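**Q** Here is a sequence with its predicted model. Questions after.
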Amino acid sequence: MNEQTQRRLFLGGALVAVAISLGVIASGSIGEELIYYWDPSQLSEAGDKAIGADVRLAGVVVEGSKAWDEETQTLRFDVSDTVSTVSVVSKGNPPQMFREGIGVVVEGTMTEGGVFESQRLMVKHSNEYRAPEEGVASQDLYETVEEM
């Protein structure tokens with residue numbers, strides 16, 4: 001073997017080793033960072049597999065289910081996809097646009113008690129901006145909010 005062939009073999013071997021190393025690193029940690037995006041029906045179907053898993057739960061806040069506890073700064077509400085309903089508990093103040101009948105995405109985990117504990121609450125809304133017309137109440141502007 002001449003010197004040029006040896007260099008090519010060494011370079012090819014080094015590239016293969018780097019590619020394999022990167023593949024092992026990427027595949028080993030990617031599973032830990034995944035957050036599944038489920039609706040209430042999928043969460044209910046998952047059963048015990050959903051307990052403790054990091055999940056983004058998407059649905060609509062059920063009318064009449066919102067309960068705010070001022071003392072503990074805890075918000076309780078139900079999220080539904082018209083087939084299944086999941087009870088959610090969220091700590092801290094909700095987003096300003098949060099209300100019943102609006103689409104939400106809550107990030108958290110399902111407990112053994114059947115309650116979804118949220119670490120993050122996001123409101124789904126339209127990105128369409130309309131300037132308020134003269135004589136229109138500010139509450140009427142919420143009509144552009146998307147409901148799933």
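**A** Everything's here; your move.
**Q** if I read this right, Met97 contacts His125, doesn't it?
**A** Yes - with contact defined as CB atoms under 8 Å, Met97 counts as touching His125 (6.0 Å). Just so you know, the C-beta spots here come from the backbone N, C-alpha and C atoms, and that holds for glycine as well.
**Q** Which one's more surrounded, the two?
**A** Set side by side, Met97 and His125 show unequal neighbour counts under other CB atoms under 10 Å, the larger going to His125 at 15 against 12.
**Q** so what's that one scoring on pLDDT?
**A** pLDDT for His125: 70.
**Q** next one: the one 4 residues further on
**A** The confidence metric pLDDT takes the value 68 at Tyr129.
**Q** got it, and Leu57?
**A** 91.
**Q** Which residue is the nearest non-sequential neighbour of Arg120?
**A** Glu107 (4.0 Å; CB to CB, 6 or more residues apart in numbering).
**Q** again but with Leu75, I slipped
**A** Nearest one to Leu75, counting by CB to CB, 6+ apart, is Ser90 at 4.6 Å.
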